[in-house]
Structures are given as C-alpha cells and as structure tokens.
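below is the sequence, then the predicted model.
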Amino acid sequence: MADAFVSFAVQKLGDFLIQKVSLRKSLRDEIRWLINELLFIRSFLRDAEQKQCGDQRVQQWVFEINSIANDAVAILETYSFEAGKGASRHKACACICGKEKKLYNVAEEIQSLKQRIMDISRKRETYGITNINSNAGEGPSNQVTTLRRTTSYVDEQDYIFVGFQDVVQTLLAQLLKAEPRRSVLSIYGMGGLGKTTLARKLYTSPDILNSFPTRAWICVSQEYNTMDLLRIIIKSIQGCTKETLDLLERMTERDLENHLRKQLTECKYLVVVDDVWQREAWESLKRAFPDGKNGSRVIITTRKEDVAERADNRGFVHKLRFLSQEESWDLFRKKLLDVRAMIPEMESLAKDMVEKCRGLPLAIVVLSGLLSHKKGLNQWQKVKDHLWKNIKEDKSIEISNILSLSYNDLSTALKQCFLYFGIFPEDQVVKADDIIWLWMAEGFIPRGEEIMEDVAEGFLNELIRRSLVQVAKTFWEKVTDCRVHDLLRDLAIQKALEVNFFDVYGPRSHSISSLCIRHGIHSEGERYLSSLDLSNLKLRSIMFFDPDFRKMSHINLRSVFQHLYVLYLDMNVGYVSMVPDAIGSLYHLKLLRLRGIRDFPSSIGNLKNLQTLVVVNGYTLFCQLPCKTADLINLRHLVVQYSEPLKCINKLTSLQVLDGVACDQWKDVDPVDLVNLRELGMLNIKKSYSLNNISSLKNLSTLKLICGERQSFASLEFVNCCEKLQKLWLQGRIKELPNLFPNSITMMVLWKSELMEDPMRILGMLPNLRDLSLKGAYEGKEIMCSDNSFSQLEFLRLDFLGKLERWDLGTSAMPLIKGLGIYGCPNLKEIPERMKDVELLKRNHMLF
C-alpha cells in the first residue's frame with residue numbers, strides 16, 4: 001500500500017507542472033527530478049514491505065518514503081497558497097515569476113527533499129532491497145476496493161463471550177442479592193483475560209438495567225485525576241447542561257466529592273470503576289459512594305490482586321480464570337472469518353497454536369484475526385513457524401509475539417492507521433468519524449476511484465476484523481465508537497517510537513523527540529509549551545488531551561505550528577472562547593477539532609486545505625461562524641452547532657457531512673450545488689422552517705432532523721425526492737406521515753412524533769427497511785402490521801408508547817425479524833406469539 005502514497009505524490013507533482021506553466025526552468029527541473037526519483041523508489045516498495053516484518057530499519061525506510069511523499073504534496077500546496085495570496089487570479093503566473101522571493105521558498109524545501117531522497121537511495125542498497133515490483137504502474141484502487149468490499153459490515157460484538165456464562169450468572173447473583181449494604185465486587189486478572197468485557201456484560205445485563213436506576217462507568221487507568229473521575233460520574237448521572245458544566249469547573253475536589261455523595265444518597269446505584277492500578281485510586285474515590293442501605297453496588301476491575309482484595313473487607317472478589325482448551329478452540333472458531341475453508345491439516349496447525357495461547361482470550365482472538373487473512377496451509381504454517389521461533393516446547397506463546405506478528409502482517413497504510421490509536425490516552429473511547437477524518441488529514445488514505453471516507457471506513461473495519469481494534473458502540477450498522485486494548489495500545493506506542501511516528505508528553509515523559517512530527521499532550525500542557533523549543537520543529541500534528549490546559553491563547557499558532565496538518569484540542573477551553581485570529585496562518589491545516597468555542601475569526605477563510613472542522617460544545621452552546629467559512633472550498637466535514645445562517649453555503653461543494661445546522665437557512669440558499677453531501681443533521685427546527693430545498697440533495701444518504709422543544713415539522717413530502725436516502729431520523733411532532741418515503745430507506749427513527757394514526761401501514765410497505773425505532777412516536781392504542789408488511793425488517797424498537805394496548809401481527813409480516821426491544825409501554829399486555837422467541841435488544845443499544 002505504500003506505493004499508493006507515492007503514486008498520489010507523483011500525480012500531484014505532475015499536475016503542478018501542468019498548472020504552473022510560468023515556473024522558472026530550474027524549479028521545473030527540480031520537480032521533474034523529484035517525480036523520476038519517486039517513480040524509481042516506488043519500484044522497490046513491494047520488496048521493502050515484504051522485508052519490513054523482520055527488519056526494523058526497513059520498516060523505518062518505508063515510513064520515511066511515505067513522509068517524503070506527503071511532504072512533497074504539502075510543499076506544493078503551500079506554494080500555491082502563497083502565490084494565490086500575492087496575486088489576483090489573472091496575475092498569478094506573473095507574480096509567481098516576478099516575486100518568488102516574497103513568496104514561499106519552495107526551492108529550499110525541495111532541496112531538503114532531494115537530500116532525504118538521496119539518503120533513502122543509499123539505505124535501499126544497504127538493506128538489500130531489490131526491484132520485484134512487476135506492476136509498478138498499477139494504482140492502488142484494486143486492493144482498496146477489495147478491502148472495502150470485504151469489510152462493509154462489522155458485528156456489534158467486540159468480543160465473542162466464550163467460557164464465562166457461568167461466571168456471569170455467579171456475579172449477577174452477587175450484584176442482585178438481597179443485601180442492603182453497599183458492597184464492592186472486584187474482578188482481577190492479567191491483561192487480556194477479559195475483565196472489562198466481563199464488567200461490560202454485567203453492566204448491560206437486562207437484570208442490572210431493571211434493578212439499578214442510576215448507573216455510571218469510569219476508567220481510571222495508570223494516570224488518573226480524581227477530580228476528573230468525579231466529574232465524569234456526576235455528568236453521567238446529572239447530564240451535561242451548561243449550568244452543570246460551569247458548576248463542576250468551579251468546584252474543589254472536596255466539593256465534587258460531597259456533590260456526588262448527595263446525588264447518590266437516595267439512589268440505588270451501580271458504578272463500574274474500570275482498570276484500577278493502585279489502591280490509592282480507589283481510596284480517593286470510595287468516600288463519594290455513600291451506603292444508603294438500598295443495595296447499591298460498585299464493580300472494580302484491576303490487574304492487581306491486592307487492589308481487589310482490599311477494596312472492601314466484606315466484598316466479593318473474583319479471580320478471572322483462563323479458558324479451557326475446549327473453550328479456547330470454541331472462541332478461535334467463532335472469531336475465524338471463514339471456518340469452512342479450514343481443511344484438517346490447517347485445523348491441526350491451528351489447534352497447536354491455540355493450545356500455546358494457554359487460554360488467554362486476547363491472544364486467541366488476535367491469532368484468529370491474523371489467520372483469517374492467511375489463505376491456505378502454507379501461509380498458516382509460516383505463521384506457526386514465526387511463533388515457534390520464540391518458544392520452547394513446554395512454554396506458551398508470549399502474547400507480545402502474537403500481537404507483533406499481527407501488526408507486522410499489516411500493509412504500511414494499515415500500520416499507520418493502527419499506530420495512530422496509540423496517541424490517544426489510555427482507555428479512551430475514540431469516535432469512528434474522528435479517527436477516519438484524522439487518517440485522511442494525515443494522508444494515510446490513498447486517493448483513487450472510491451470516496452476516501454469509504455476507503456478509510458474499510459481500513460477501520462479491517463483492523464476490527466483482525467481484532468486489533470475493539471468496537472465500543474454501533475448504530476445503524478456502522479461502528480460509531482471504538483477502542484484498543486491496553487496491551488495493543490502499548491504495542492502501538494512501542495512501534496511508533498521505533499519509527500518516530502509520534503511521541504507523547506505526559507506524567508511519565510517530560511521529554512519529547514525532536515524527530516517526531518506528531519505530538520500527543522496528555523498533561524502539563526503549559527509546561528510543554530513553555531519549556532520545550534518547538535520553534536525548529538516542523539510539527540505535522542498536535543493533539544491536546546490535557547484537561548487542565550484551558551488557555552488557547554498560549555498556543556503560538558503563527559510561529560510554532562505553521563506546518564500543522566492536524567490541530568486537535570480535546571480540552572475544556574471555557575465557554576466564551578474565541579479562536580485566535582492567527583488560526584488563519586495555518587494554511588496546511590486539514591483538520592481542526594475544538595471544544596467549547598463560541599466564535600471564529602474571519603481569518604478561518606484562509607484555510608483552503610481544511611477538510612474537517614469539528615467543534616464539540618454540548619447541546620446548549622452554539623457557534624457563530626463567519627461568512628468567510630464559505631471560502632473553505634475543500635471542506636468535507638463541517639460538524640459545528642451554529643445558530644446563524646451561513647450565507648453562500650452552496651460554495652462548499654466538497655461537503656460530505658454537514659451536522660449541527662441550527663437555523664432556517666434552506667429557504668434562502670439553493671443547495672443544489674452540494675452534490676457530494678451525504679449526511680445532513682439539523683437542530684432546533686420550527687414549524688415555520690422551510691425544509692423543501694433538502695430535496696435538491698440528490699446524493700443524500702443520511703438525514704437527521706430534530707425539532708425544537710414542543711415544535712412540529714412542516715410538510716415532510718420533500719423526503720420522497722431524496723432518491724438515495726437510506727437512514728432517516730425525525731425527532732419532533734409530525735401531524736401526518738407522508739404517504740411515500742423513498743424505497744431506498746433501510747433505517748428509520750421516529751422520536752416524539754406524537755402521531756395519531758397508526759404509522760405501521762405506511763412504514764410496513766418500505767421494501768428495504770431493516771431497522772425501525774419508535775420512541776414516543778404514536779398516541780394510539782393499537783398497531784397493525786398486515787400480511788406481507790415489513791418484508792426486510794430485522795430490528796424493531798418500541799419505546800414510550802404509553803397508550804399502546806394491542807399489537808396485531810399478520811402471519812407473513814416481519815419474516816426476517818431477529819431483534820426486538822420494548823420499553824415504557826405499560827399498557828401493552830401481550831406481544832404476538834411469534835415475537836416471544838425473538839432476541840431482546842438491550843436498551844443501551846438504542847442510543848436514545
């Protein structure tokens with residue numbers, strides 16, 4: 001896959017020569033030299049990618065080529081931007097020729113690239129990399145297309161739960177027993193045994209949901225902050241209104257502790273305290289969990305026996321066991337993508353390898369993910385040979401060997417994507433959109449015939465299928481949240497440091513490599529900015545996760561971070577903050593993610609390369625976007641809650657995702673030019689709002705419309721004109737459902753619709769509807785699903801239909817149903833007989 005990045009760079013260099021016809025000859029010759037050298041190097045990449053598994057130096061060589069290719073593109077983008085600033089459109093060529101000294105010194109940058117390429121060539125000979133690339137002229141599209149096609153759907157389960165059914169029942173009995181004293185249930189065992197998975201299984205159990213009205217989950221990890229942990233619990237219980245957030249920010253640790261105690265005193269609660277490393281961490285929290293003599297419980301997971309044993313003198317302690325040989329084989333088979341392709345000889349090899357995993361679930365599922373991508377007996381034998389090099393007959397396989405082998409089996413592109421997870425803090429759940437857009441901004445996703453977002457989603461699904469990434473949450477058949485296991489994160493950090501991919505600044509590391517172009521700041525952000533000499537670093541990415549760093553003005557955007565592709569500030573910068581005007585100088589920037597921002601300067605319009613703009617503000621704070629936002633011609637993802645109309649939005653023709661619109665602008669703007677828009681989300685809709693222009697969005701596939709409090713939709717007839725619409729979310733009063741919806745719809749949510757007529761007559765006729773959720777959507781007493789209706793429906797959720805008494809189901813209706821969730825329907829005395837054997841959906845999967 002590395003040749004994909006080189007091919008893209010070659011294409012961009014060639015396009016640049018065509019477009020800039022007035023370049024002086026010496027500069028044109030330099031660029032031609034770059035093109036020829038990159039083409040030559042590309043012919044050696046296949047051999048290098050095969051050899052990098054066994055040689056760390058070769059892996060570094062491949063990564064450096066990717067970096068050179070990306071930097072070459074960045075140089076051209078900067079040059080074009082500076083030239084454009086210095087001249088009007090019709091004088092651009094003359095300005096490039098006559099005023100190059102006043103513009104960006106592209107020649108100096110290209111000389112630096114030439115030196116790096118010559119170093120690369122010398123290393124190639126040293127490492128014995130030969131030309132075996134017989135199809136160097138072919139693009140990456142075939143491989144990318146295959147990857148996307150084979151990973152289009154991901155199972156919701158991030159771990160197939162094998163061998164612990166009896167444990168679940170035992171621990172459920174402990175949590176639900178009639179013991180009024182607040183008690184602690186501790187689960188301990190080595191990394192990879194499935195402690196968090198077991199705790200999650202308990203946490204989402206229907207019995208637990210029914211018994212504990214108040215629940216919260218926190219991850220402690222090795223570096224923890226007690227105040228942050230207390231805030232997380234309070235927010236999960238109390239909600240995230242602006243008033244709550246402001247109050248919590250002003251509280252001391254003692255105030256937070258008392259506030260939480262007061263909240264929990266009258267509640268029957270269950271709190272999971274996941275991944276506790278030190279006894280002190282639990283001691284600092286436990287005072288906040290009162291004993292109301294009402295059966296409240298706390299679950300602790302830890303690798304340390306002493307932490308588990310001393311958490312509660314009268315609590316229950318469970319040591320997680322290893323899987324038996326039979327259970328191990330069962331887990332392996334369930335995670336294998338194609339069990340039928342396993343001939344007897346392959347099965348014998350696999351059983352040997354599984355046995356050496358000694359019952360460790362993480363090792364087994366990663367091994368299964370690795371072998372799933374190896375075809376035939378010979379390839380399975382090679383995997384076994386690699387593993388057997390590091391063990392003796394009576395010893396088990398070190399899990400680090402399995403994880404490393406699985407990592408080495410990835411293409412260069414997938415290696416980079418996997419390593420990127422290591423820059424996030426331990427135990428952090430990562431939004432799938434965030435990681436996909438970050439990969440795109442970094443240049444990890446090769447450009448071809450397919451849409452880059454689809455290719456990137458395929459990469460994520462591939463890592464999940466290999467069990468290198470875990471699914472945290474899915475919705476509408478897509479992964480929405482994901483995470484990596486601690487041991488895999490440790491591997492990502494180790495490999496990243498070996499090739500200078502990124503470095504992390506935090507409690508355990510106050511130094512940071514000058515060779516790394518990506519920095520992750522986990523704490524002490526003020527010290528990072530003040531004590532390190534960042535001026536000479538050409539940082540590509542800066543990601544702040546420091547909750548105590550709040551002053552964005554301290555970041556010297558203009559002089560220090562001018563080469564950035566990624567500025568990711570996941571920190572509380574306050575709720576009256578404005579982005580500094582200097583943001584407009586970051587013309588390389590492709591991704592900007594901020595939190596707690598109210599205003600942007602007009603200089604944001606300078607960011608012509610920006611692909612992604614995300615502001616995370618919660619539901620109560622809206623942004624003011626300047627008119628210049630419409631100048632961001634390459635913007636693909638605009639996820640910002642904004643309350644004033646953004647004029648000329650139709651200029652953003654590259655938009656794929658637009659989410660957060662909180663104003664009636666469609667009556668004034670013709671969105672017919674938004675030909676690439678696939679996802680649209682609008683908030684605070686009123687009955688007076690005109691939504692008819694949405695019908696102009698011919699490629700729209702996902703539409704989420706949310707009315708203001710107690711507001712109604714105007715006519716929804718326009719929806720039928722959205723011919724490619726697949727996923728529809730309507731939240732707000734609906735006087736009458738339209739008689740026609742697009743036949744393309746596969747997923748639908750109706751929330752707070754308060755319909756007076758049974759919606760099943762219309763919805764049941766949709767030929768491709770697979771997932772339907774009705775929450776507070778119907779005021780009637782009866783629903784009728786006639787024969788032959790809902791022919792493709794697989795999942796149905798009925799929630800808060802308070803007046804519903806009767807459900808009639810035709811004999812041939814819902815023939816494919818496999819999941820049913822019913823909550824808050826107190827008058828529905830009985831469900832149809834055929835539905836009684838359908839699997840019950842957990843409420844937390846409903847995302848309401």
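Alright, I've got the coordinates.

which residues in the stretch 701-848 of the chain form helices?
760-763 (DSSP state H, counting those that start in this stretch).

where does it dip in pLDDT?
The stretch 701-848 of the chain contains residues with pLDDT under 70 at 842-848.

residues of stretch 636-643 that come out buried?
For stretch 636-643, a neighbour-count test (16 or more other Cβ atoms under 10 Å) marks 636-642 as buried. C-beta: built from backbone N, CA, C; applies to glycine.

check those and tell me the two furthest apart.
Farthest pair in the buried residues of stretch 636-643 (Cβ to Cβ) is Arg636 and Gln641. Separation: 18.3 Å.

what distance do you get for the closest residue to Met190 other than its chain neighbours to Asp837?
The spatial neighbour of Met190 that comes closest, neighbours along the chain excluded (Cβ to Cβ, 6 or more residues apart in numbering), is Arg303 at 6.2 Å. The spacing between Arg303 and Asp837, counted by Cβ to Cβ, to the nearest Å, is 40 Å.

just Arg181 next, same as before
39 Å.

give the contact list for the nearest residue to Gly422 once chain neighbours are set aside.
What sits nearest to Gly422 in space, not counting adjacent residues and going by Cβ to Cβ, 6+ apart, is Ala492, at 3.1 Å. If you count contacts by Cβ atoms under 8 Å, 6 or more residues apart in numbering, Ala492 has them with 418-422, 484.

by mean pLDDT, flag the weakest helix or strand of this protein.
Lowest on mean pLDDT, DSSP states H and E among the helices and strands of the chain sits helix 141-150, with a mean of 42.

go through the next helix or strand after that helix and flag the buried ones.
Using DSSP states H and E, the helix or strand that directly follows helix 141-150 along the chain is helix 165-176. Using 16+ other Cβ under 10 Å as the burial criterion, the residues of helix 165-176 that qualify are 167, 171-172, 174-176.

lowest-confidence entry in those?
Minimum pLDDT for the buried residues of helix 165-176 is recorded at Val167 (90).

now that residue: how far from Ser296?
22 Å.

how about Arg122?
Relative to Ser296, and taking Cβ to Cβ, Arg122 is found at 67 Å.

if you count surrounding residues, which of the two has more?
Legend: neighbour count by other Cβ atoms under 10 Å for Arg122 and Ser296, higher for Ser296 (22 against 9).

wouldn't that one be in contact with Phe289 here?
Yes - between Ser296 and Phe289 there is a contact at 7.4 Å, judged by Cβ atoms under 8 Å.

joint contacts of these two?
182, 264, 269.

residues contacting the last one?
With contacts taken as Cβ under 8 Å, 6+ apart, Tyr269 has the following neighbours: 212-216, 237, 289, 296-297.

domain map for this structure?
The record's domain parsing of the chain by automatic domain parsing lists 2-139, 145-155+323-463, 165-319, 502-663.

can I get the ones you listed in a markdown table including distance to Pro742?
Listed next are those as a markdown table, based on distance: least, Cβ to Cβ, whole Å:
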| stretch | distance to Pro742 |
| --- | --- |
| domain 2-139 | 34 |
| domain 145-155+323-463 | 21 |
| domain 165-319 | 34 |
| domain 502-663 | 19 |
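
and of those, who's closest to Met814?
Using Cβ to Cβ, these put domain 145-155+323-463 closest to Met814, at 21.0 Å.

any idea how far that closest one is from the chain center?
Using Cα atoms, centre = their mean, to the nearest Å, the mean C-alpha position of domain 145-155+323-463 is found 18 Å from that of the whole chain.

same check, this time on stretch 800-815
For stretch 800-815, the distance to the chain centre is 36 Å (Cα atoms, centre = their mean).

swap in stretch 739-746?
With Cα atoms, centre = their mean, you get 29 Å for stretch 739-746.

list the buried residues for it?
So stretch 739-746, judged by 16+ other Cβ under 10 Å, has buried residues 741-742, 744-746.

need these in CSV (columns: distance to Glu108).
As requested, the buried residues of stretch 739-746 are exported to CSV (distance: Cβ to Cβ, whole Å):
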residue, distance to Glu108
Phe741, 59
Pro742, 55
Ser744, 53
Ile745, 55
Thr746, 54
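
how many neighbours does the nearest residue to Arg333 once chain neighbours are set aside have?
Closest residue to Arg333 apart from its sequence neighbours, by Cβ to Cβ, 6+ apart: Val339 at 5.5 Å. Using other Cβ under 10 Å, Val339 has 12 other residues around it.

surely Val339 meets Phe332?
No - taking contacts as Cβ under 8 Å, Val339 lies outside contact range of Phe332: 9.5 Å.

flag every buried residue along stretch 791-805.
791, 793-801, 804.

how about stretch 421-432?
For stretch 421-432, a neighbour-count test (16+ other Cβ under 10 Å) marks 421-428, 430-432 as buried.

out of the buried residues of stretch 739-746, which is nearest to Leu646?
For the buried residues of stretch 739-746, the nearest to Leu646 is Pro742 (26.9 Å; Cβ to Cβ).

wait, what's in contact with that closest one?
719-720, 722-725.

leaving out the residues flanking it, which one is nearest to it?
In this structure, Pro742 finds its nearest non-sequential neighbour in Leu725, 4.9 Å apart by Cβ to Cβ, 6+ apart.

my guess is the one you found contacts Val719, does it?
Yes - between Leu725 and Val719 there is a contact at 6.9 Å, judged by Cβ under 8 Å.

neighbour count: those two, which is higher?
Taking other Cβ under 10 Å, Leu725 and Val719 do not tie; Leu725 has more neighbours (25 against 22).

for the more buried one, give its distance to Ala777.
Counting by Cβ to Cβ - Leu725 and Ala777 are separated by 19 Å.

next one: Gln174
39 Å.

with Leu680 instead?
From Leu680 to Ala777 the distance is 21 Å (Cβ to Cβ).

what's the answer for Trp33, then?
65 Å.

so which of the two has more stuff around it?
Neighbours were counted for Trp33 and for Ala777 using other Cβ under 10 Å; Ala777 has more, 23 against 14.

how about the contacts made by the more buried one?
750-755, 759, 801.

can you flag which of those belong to strands?
Counting by DSSP state E, the contacts of Ala777 place 750-751 in strands.

show the buried residues in the contacts of Ala777.
750-753, 755, 759, 801.

centre of the chain to stretch 199-211, how far?
Put simply, stretch 199-211 sits 25 Å off its chain's centre (Cα atoms, centre = their mean).

what's the span of that stretch, first residue to last?
With Cα to Cα, to the nearest Å applied, stretch 199-211 spans 16 Å between its terminal residues.

again, but for stretch 182-201
Stretch 182-201 has an end-to-end distance of 21 Å (Cα to Cα).

tell me the one of the buried residues of stretch 791-805 nearest Ile232?
Distance to Ile232, by Cβ to Cβ, is smallest for Asp799 among those, at 26.2 Å.

and that closest one, how far from Glu779?
Taking Cβ to Cβ, one finds Asp799 at 14 Å from Glu779.

ok, now Met342?
Met342 is 54 Å from Glu779, by Cβ to Cβ.

same thing with Leu256?
Taking Cβ to Cβ, one finds Leu256 at 42 Å from Glu779.

neighbour-wise, which of those two wins?
Counted by other Cβ under 10 Å, Leu256 and Glu779 do not tie: Leu256 has more neighbours, with 21 against 14.

let me know the secondary structure of the more buried one.
Recorded secondary structure, Leu256: helix (DSSP: H, G, I helix; E, B strand; the rest coil).

about what we covered before: show me which of the contacts of Ala777 is closest to Cys707.
Of the contacts of Ala777, the one sitting nearest to Cys707 (Cβ to Cβ) turns out to be Lys752, at 7.7 Å.

fine by me, thanks again.
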